[in-house]
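Q: Here you go, sequence then predicted model.
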Amino acid sequence: MADTAETPDTDGTATATQESASTDRRASREQARLTRAARSFAAAHGGSAEGQIAYLGARGYRLVLVGADGGWGDLVTADREHAVAAAAEAGVTLQESFDGELAARVRTGPYEWSRMAGSQLGGPSDETPGTARTGAGEGAPGPAPTADDARTTTARDDA
């Protein structure tokens, strides 16, 4: 059999090999992106960072970073191993949990406090303009009144 021409692969191994190589390249790019972001974060926040990996559910994993200056941020990835490898390559020390000294170092600013308080302190909201807010104070945006909204008032007996 002198014929050395390639014949089409009928069992799909060539396709599986191509898909595996594509997945490996994608995973390598994802890990490199995470590593660059973690290094950049550490450089911008005092030259070093510590982190903790938290499971987000179907979304994947969150690598929470806390810089030497107390600044914090996070990176999200579908694969825990990518987060661990990126942290190691970037020189980020991983902690088992986000409590104690790590949590105490986090510095929150006015923006974070207003987001945590939401509309209670006039912070930014995630609502669609023109919709009513629960618990909102006077002057809160809401739908335009209609004839059905007419209400009668009764005197309160405070005695």
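A: Sure, I can see it.
Q: Tell me which stretches of the chain form helices.
A: 13-44, 80-90, 101-105, 110-117 (DSSP state H).
Q: So which bits of the longest one are buried?
A: Of the residues in helix 13-44, those buried by neighbour count under the rule 16 or more other CB atoms under 10 Å are Ala27, Glu30, Gln31, Leu34, Thr35, Ala37, Ala38, Arg39, Phe41, Ala42. For glycine as for every other residue, the C-beta is placed from the backbone atoms N, C-alpha and C.
Q: and the angle from that helix to helix 80-90?
A: The directions of helix 13-44 and helix 80-90 differ by 50 degrees, with axes from the mean of the first three to the mean of the last three CA atoms, to 10 degrees as the criterion.
Q: Show me what helix 13-44 is packed against.
A: With contacts defined as 3 or more CB pairs under 8 Å, 6 or more residues apart in numbering; DSSP states H and E, the secondary structure elements packing on helix 13-44 are strand 49-57, strand 60-67, strand 72-77, helix 80-90.
Q: looking at those, which is buried most?
A: The highest mean neighbour count among the helices and strands packed on helix 13-44 belongs to strand 60-67 (a mean of 21), with neighbours defined as mean count of other CB atoms under 10 Å.
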